[in-house]
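Undergrad: Structure for this input, please:
(one chain, ligands or ions: 1)
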Amino acid sequence: VTKPPLKYRLKELVWIAPLAIAGGFAVGVVAAVVRLWLRGDLSHGLWRTGVELANTTLNACVYGAVSLGLFVALVAALQILFGRRTAPALRAAIGFNLFFPLFMVIVWVATERAIEAFSLATHKLPELIRQNDNLGRFLLENYLASLDVVQVAKLLLVKAGWMIPAILMAALLGVWVERIWTRLAARRRRPPQASSSPRVARAVTAVVIIGAVLIVSNMAALAARLTNREPRPNVILISLDTLRADRLGCYGNEHARTPVLDKLAANGVLFEDAVSNSSWTLPGHGAMLTGVQPGALGLFKVTDRLSPRALTLAEVMREHGFDTGAIVSYILLDKVYGFDQGFEHFDYVDNQPASDIVDKAIAYIAPRQQQKFFLFLHMYDTHWPYEPSEETAREFWPHYLHRGLRQLIDTGDYARFALQVVRGPEDFNDYCRAMYDGEIHDVDAQLGRLFHYLIERGLDNRTIVVVTSDHGEEFLDHGLFGHGLTLYDEAIRVPLIMRFPHLLPSGARVTGQVQSLDLFPTILGLTGLDPTTYNLGGRDLLFSAAAGQVEPVPMISETTMSGDQRYALRDGRLKLLTPFNLDFGHGLTVERDEEVFDLSADPHETANLAPTHPKMAEVLRQKMAETLAEVQQRWGQSAGLTHSKELSAEEIERLRSLGYIQ
Ligand SMILES: [Zn+2]
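TA: The predicted structure follows:
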């Protein structure tokens, strides 16, 4: 057989490359259809599904085309350089691509065995492993992932130690497939040729064994990374501690000066009736960041800490390739309480001002503009002591301030301060509320700085912004001051505003009750992840946001911060509060019977219907029991998700000064 000169054979590449890209495109279209068929959930509406499908198709096509094109062209080029023809080259490329399904089978079988052998908690494992109950689906989805050349290239850089052997093995498989093909074809025509030298065979075997060991030992890393292939939007979740909804302009407060949050609501979605599952920081954030009811989570007292076994939103986001960062400003959200789980970047400084947090947030975002990130910001300014800037303070309280109160604030003794506000005179409370509103105004301005940065960098349209709070604050609305004590609406109604132009309507106001537990599934839904994969309590609110209405479901808010466990059941219209006793010392005690309120007629909870409507109370009691039984059934005993630890002297001092312990 005479071989044509090399330059003529290289010319064959000219038609191979476009053909391979066209082939890759075809694979991409098939991939998109398969994905829709596997995951096509029309319950979110045709529009969202359409957007997702178009996005998936485009990605799959581009990835498919580029990677297949690259693989085929590469193998063909090598084959031609070594004097082979293009038809065998194409067969070798097919062999190259066959490597990945084989590899996936190994990954699947090994992880299945690992789960069995080590009885791993599957809810903490990467999605890839968790979902591997269906080998067919697993293979299909992850074979498609392996076509993502960008991801493969990144892996190659990061994990050169095992990616190079993997590609080498794939190439070898390609050569073998081609060789087998040639032999089979040759056997039909003429007697077989002499096989390759034993030395080459030994070398090949050695490389394969080394490669296999390296790959298997790095399987978990691959499993986690392979799920990170789709470009998703960034997420910034902002929790403004102790922010009751009715102090914001967008929630109907005419005197509020919160232009930034009002504008965010005007450009996004505002949930009119958002309720926290607790009235204090630890369980409130617990529900928000784990999607588990605080009672089931076991976050009752300040000594309770989130267990490493609890699954956090940050962990899920990280698993899906988001760079995760948190900037928090209160001890209850620090590492010692387990809230750093899933965050690669974690910044905690006690009581750091919103201005510092925004500076740090910008510094975090700046180098990650080409990356998807999940950033959790916790601002503590609106928590007691309310200390707005001097200018704001003068604007919000131009009156005389009783010297005794000022001194009391300076001592930092929360318990005495709260007692003083409760006992009066009345302008103490007015002063507190004014300073609180002033703090909200200052925080609003800082948020403006952050949002302005996002707009400036063109990040605003690919970043989901969610603003909410862990609980409200009482200003003697029911005779008490602060939070964590009761579960009246001033202590549990929080703002919930979301903005993401691609999926959420602009200027929409959603009626119907939603809860903190809904945040986890909603954020997953907004980023295109499937919340049903996880054992979460809330609902994905995306569909409701588009519809402008949520069908309320009964929810439980609870607190044990001082004294017994207290529950509120809220079904969107009616509310039941369990009876409680509080002893503040210094002769101040509070005793409340069971209370029932009709929130639609009496939003400020002034007329207790329990004594006059015993039947209504009975029905609500039943509903509360059912809802708590559902919680129990869903998550079981709380012991698994928290652990208690004695507080250090320093922690005790800090918590005492803020009234969390007495
Ligand atoms: Zn709080």
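Undergrad: From now on I want contacts and neighbour counts done on CA atoms only, so please keep to that.
TA: Noted.
Undergrad: mind listing what whatever residue of the stretch 151-300 of the chain ends up closest to the ion touches?
TA: Proximity to the ion, evaluated over the stretch 151-300 of the chain using C-alpha to the ion, is greatest for residue 281 at 3.4 Å. Shown in contact with residue 281 (C-alpha atoms under 8 Å, 6 or more residues apart in numbering): 241, 332, 470-471.
Undergrad: quick one: terminal-to-terminal distance for stretch 321-331?
TA: One end of stretch 321-331 sits 28 Å from the other (C-alpha to C-alpha, to the nearest Å).
Undergrad: neighbouring contacts of it?
TA: By C-alpha under 8 Å, 6+ apart, stretch 321-331 touches 225, 227-229, 234, 314, 317-318, 334, 337, 340, 342-352, 357, 360-361, 364, 371-380, 651.
Undergrad: tell me the average confidence for that stretch?
TA: Per-residue pLDDT over stretch 321-331 has a mean of 93.
Undergrad: go on, stretch 181-194?
TA: Mean predicted lDDT for stretch 181-194 stands at 69.
Undergrad: can you check stretch 376-385 too?
TA: Mean predicted lDDT for stretch 376-385 stands at 94.
Undergrad: Contacts for that stretch, please.
TA: 236-243, 325-330, 351-354, 357, 361, 387, 409, 412, 436, 439-440, 443, 658.
Undergrad: Sort out which of those are in helices and list them.
TA: 354, 357, 361, 409, 436, 439-440, 443 (DSSP state H).
Undergrad: For residue 382, see how far away residue 530 is.
TA: 34 Å.
Undergrad: Looking at these two, which has the bigger crowd around it?
TA: Neighbours of residue 530 and residue 382, each counted by other C-alpha atoms under 10 Å, are more numerous for residue 382; the result is 27 against 16.
Undergrad: taking the mean pLDDT, what do you get for stretch 551-562?
TA: pLDDT averaged over stretch 551-562 gives 90.
Undergrad: That one and the ion, any residue contact?
TA: No - for a cut-off given as C-alpha under 5 Å from the ion, stretch 551-562 has no contacts with the ion; the smallest distance is 11.8 Å.
Undergrad: Could you give me the buried positions within that stretch?
TA: Using 16 or more other C-alpha atoms under 10 Å as the test for burial, stretch 551-562 gives 552, 554-562.
Undergrad: cool, stretch 452-460 as well?
TA: Buried, per 16+ other C-alpha under 10 Å, within stretch 452-460: 453-454, 459-460.
Undergrad: Could you tell me the end-to-end distance of it?
TA: Stretch 452-460: ends 9 Å apart by C-alpha to C-alpha.
Undergrad: Please enumerate residues in contact with stretch 539-553?
TA: Looking at what lies outside stretch 539-553 - C-alpha under 8 Å, 6+ apart - the contacts are 43-45, 269, 504-505, 508-514, 517-519, 521-526, 531, 571-572.
Undergrad: ok, of these, which come out buried?
TA: 44, 269, 504-505, 508-514, 517-519, 521-526, 531, 571-572.
Undergrad: Helices - which of those land there?
TA: Using DSSP H, these in helices are 519, 521-526.
Undergrad: what about residue 271, which SS state?
TA: In three-state terms, and counting by DSSP: H, G, I helix; E, B strand; the rest coil, residue 271 is strand.
Undergrad: For residue 488, see how far away it is.
TA: From residue 271 to residue 488 the distance is 19 Å (C-alpha to C-alpha).
Undergrad: Residue 245 now?
TA: Applying C-alpha to C-alpha to residue 245 and residue 488 gives a distance of 13 Å.
Undergrad: which one of those two has more residues nearby?
TA: residue 245 (28 against 22).
Undergrad: interface residues of the chain facing the ion?
TA: 241-242, 281.
Undergrad: Let's see that with 8 Å instead.
TA: For the chain, the residues in contact with the ion (C-alpha under 8 Å from the ion) are 241-242, 279-282, 284-285, 380, 383, 469-471.
Undergrad: Quick one: the helices in the stretch 151-300 of the chain, in order.
TA: In the stretch 151-300 of the chain, the helices defined using DSSP state H, counting those that start in this stretch lie at 160-189, 198-217, 219-226, 259-266, 281-290, 294-297.
Undergrad: Next: the stretch 401-550 of the chain.
TA: Using DSSP H, counting those that start in this stretch, helices in the stretch 401-550 of the chain cover 403-411, 414-423, 426-456, 489-492, 519-526, 542-547.
Undergrad: Look up the closest residue to residue 342, ignoring the ones flanking it.
TA: residue 315 (3.9 Å; C-alpha to C-alpha, 6 or more residues apart in numbering).
Undergrad: Restricting to C-alpha, output the helix or strand encompassing that neighbour in PDB.
TA: Assessed by DSSP states H and E, residue 315 sits inside helix 313-319. Below are the C-alpha coordinates for helix 313-319, written out as PDB (Å, rounded to 0.1, in the frame of the first residue of the first chain):
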ATOM      1  CA  LEU A 313     -27.900  25.600  51.800                       C
ATOM      2  CA  ALA A 314     -24.300  26.600  51.500                       C
ATOM      3  CA  GLU A 315     -23.300  22.900  51.300                       C
ATOM      4  CA  VAL A 316     -25.700  22.300  48.500                       C
ATOM      5  CA  MET A 317     -24.600  25.300  46.600                       C
ATOM      6  CA  ARG A 318     -21.000  24.400  47.000                       C
ATOM      7  CA  GLU A 319     -21.700  20.900  45.800                       C
END
